[in-house]
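# No sequence on hand, only this structure:
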C-alpha cells in the first residue's frame, strides 16, 4: 500500500513539472496501433490561485464510468469529475510504481466515486484481470493492485479448408490469436504456402477467459485466449497436438516439434529453392544443394536442432559457415554468415533455437542471405521436405500427468471428431 502526505504537495508540484518534460518521445510508425498518451499535467489547472488549485469543483457523487477521449489529459479528465488538481498530481505520483497514468489508452474506462465524506475513489484496469484501486483519505492516496477472478469458457472450431487456413478460419469466426498460435505450432510439419489442399481439416479447442465482475472496466482489453488442442489433416497425415505445461505434445508424449527447423531464422523470405538453378555469380546452371533466405545483415541465425558444433570458421565459397552434427545421421550447414556467435566453438553442444551466428554476405555470394543445407548420412536433402518429429518426449511422472490430462480432456463433451472417445 502506497501513500503520500499533505506536506508532499510542494514536491509533488515540482515533480509534476518534471513529468511533463520527461514524456516519452514518439516511437517510429509501425503497423501496430500506438496508444495515445495523456499528458499528465498541464496549464489547465494552473489558475494562478493556490486556493482554486486545492478546491475541487462540483461533481457527480454517484458511482459512474468515464472514458478517455482523444486529446484529453489526465488533469482535465479527473478535475471535470470532481477531483482537485492537487489530488490529480498526488494520484499520478503515488500510482507511478504500479501504473503510468500518463499513458492511458484512448477509450480506457475509469470508475469514479465519492464516499460520505466527499473523498474520491478511482478504479481502472491495468491488464486483463488486474484493477488499480486508488482511495483518497486524510490528504493522501492509498493505491493497490487487485486481481479479479476469471472464468474460462471453452470454445471449439472445425474448419474445412477451401482456400487457406487463415481465411477459412476467420470466416468461421475463429479468433486471429488462435489461428496464429495454431499455424505456429503446425509450421514445424506443414508448409502452408505449398502443401495445403482443399478438403484439409482444421480443428481447435481453446479457452476464453472472462472476468466475473467489473466487466465494464475491461471493455477496452482483449479477453485472454489459450489454445489447448488442435488437429490438422494434410496429405494423408493427421496431426493432433495437445497443449500441456505451455508446450504442444503428440498423444504419445513426444514434443510436437520437428527434429530440425525448416527455417532457422525469423522474418526471412525464401529466395532460392533446392534443386538445379542458374548460379548468379558463376553464370551457369548447377545443383543448388540447399535453400536461401533473404533478410537484413545481422539477423540472428538459429541452430535448426540439437547437436554438436562440427565447424565454425571460414569454409571456401561458403564464406563464414557453421556445421552442426545432429542425431540419426543428420548434419546442417549455415553459410555466408557475417560473423559467428562468439560464445560457440567446435565441440560445443547447442539446443534447437540457440543463436550460432548472424546473416551476412561472405564467400561466393551475390547478396546478403543465408544458405542452408541439410545432410542425411552424407547426402543432401531438401530442408522443406523434413518431417522428422523431435526425439524429445515426456517420461516418468510427467508422462503420467500428461496421460491423466488427456483422459480428462477426452472425457469432456466435445463435438470435435479428434476428441471423440
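Nice, I can see it. Please read all numbers here as calculations on a predicted model, not as lab measurements. Numbering: from 1, shown residues only.
# Need the contact partners of stretch 136-151.
For stretch 136-151, contacts defined as C-beta atoms under 8 Å, 6 or more residues apart in numbering pick out 1-6, 87, 90-91, 94-95, 98, 115, 117, 119-121, 126, 129-135, 209-214, 218, 224. Yep, even glycine has a C-beta here, placed from its N, CA and C like the rest.
# where does this structure dip in pLDDT?
Scanning the chain for pLDDT under 70 picks out 1-60, 193-194, 267-268, 277-286, 421.
# State which helix of it is the longest.
Counting residues, the longest helix found in the chain (DSSP state H) is helix 396-411.
# Distance from it to the middle of the chain?
Offset of helix 396-411 from its chain centre (C-alpha atoms, centre = their mean, to the nearest Å): 28 Å.
# hmm, who's touching that helix?
With C-beta under 8 Å, 6+ apart, helix 396-411 has contacts from 228-229, 242, 244, 249, 251, 253, 393-394, 419-421.
# quick one: which of those is nearest residue 296?
residue 249 (34.7 Å; C-beta to C-beta).
# any idea how far the closest one lies from residue 174?
22 Å (C-beta to C-beta, to the nearest Å).
# just to revisit the earlier point, return the set of buried residues in the longest helix of the chain.
402, 405-406, 409 (16 or more other C-beta atoms under 10 Å).
# now do stretch 290-297
For stretch 290-297, using 16+ other C-beta under 10 Å, the buried residues are 290-293, 295.
# Stretch 309-328 now?
Residues of stretch 309-328 classed as buried: 309, 311-312, 315, 318-324, 326 (neighbour count, 16+ other C-beta under 10 Å).
# Check those and tell me the two furthest apart.
Using C-beta to C-beta, these span at most 22.3 Å, a distance reached by 319 and 326.
# now the buried residues of helix 396-411 in CSV, with distance to residue 63?
As requested, the buried residues of helix 396-411 are arranged in CSV below (distance: C-beta to C-beta, whole Å):
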residue, distance to residue 63
402, 47
405, 43
406, 47
409, 42
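# Closest one of the residues you listed to residue 364?
residue 402 (48.5 Å).
# Would you check that residue 323 makes contact with residue 332?
Yes: the pair residue 323 and residue 332 qualifies as a contact (C-beta atoms under 8 Å) at a distance of 7.1 Å.
# For residue 363, give its distance to residue 343.
Distance from residue 363 to residue 343, by C-beta to C-beta: 23 Å.
# of these two, who's got more company?
Using other C-beta atoms under 10 Å as the criterion, residue 363 and residue 343 rank with residue 363 on top: 18 against 9.
# my read is the more buried one is in a strand, agree?
No: under DSSP: H, G, I helix; E, B strand; the rest coil, residue 363 sits outside any strand and is assigned coil.
# residues contacting it?
315-321, 335-336.
# In terms of distance to residue 190, which of the residues you listed ranks first?
Among the contacts of residue 363, residue 335 lies closest to residue 190 (C-beta to C-beta), at 26.5 Å.
# Which PyMOL command selects the buried ones in the contacts of stretch 136-151?
Applying 16+ other C-beta under 10 Å to the contacts of stretch 136-151, the buried members can be selected in PyMOL as follows:
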select buried, resi 4+87+90+91+94+95+120+121+126+129+130+131+132+134+135+211+218
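# Among the contacts of stretch 136-151, which lie within strands?
Among the contacts of stretch 136-151, the members found in strands (DSSP state E) are 120-121, 130-135, 209-211.
# Among those, which pair sits farthest apart?
Maximum pairwise distance among the ones in strands among the contacts of stretch 136-151 (C-beta to C-beta): 30.6 Å, between 120 and 209.
# Can you give the distance from stretch 396-413 to the centre of its chain?
27 Å.
# With stretch 200-220 instead?
With C-alpha atoms, centre = their mean, you get 17 Å for stretch 200-220.
# And for stretch 332-346?
With C-alpha atoms, centre = their mean as the basis, stretch 332-346 stands 28 Å off its chain's centre.
# With stretch 366-379 instead?
Worked out by C-alpha atoms, centre = their mean, stretch 366-379 lies 30 Å from the chain centre.
# sorry, back to before: out of the contacts of helix 396-411, which sit inside strands?
Counting by DSSP E, those contribute 228-229, 242, 244, 249 to strands.
# a markdown table please, covering those residues and showing distance to residue 79 and neighbour count.
Output for those, formatted as a markdown table (distance: C-beta to C-beta, whole Å; neighbours: other C-beta atoms under 10 Å):
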| residue | distance to residue 79 | neighbour count |
| --- | --- | --- |
| 228 | 47 | 17 |
| 229 | 51 | 22 |
| 242 | 54 | 22 |
| 244 | 52 | 18 |
| 249 | 55 | 23 |
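# for those residues, which one is nearest residue 160?
Among these, and counting by C-beta to C-beta, the member closest to residue 160 is residue 229, at 17.8 Å.
# List phi and psi for the nearest residue to the closest one once chain neighbours are set aside.
Closest residue to residue 229 apart from its sequence neighbours, by C-beta to C-beta, 6 or more residues apart in numbering: residue 205 at 4.2 Å. Dihedral pair for residue 205: phi -120, psi 130, per degrees, to the nearest 10.
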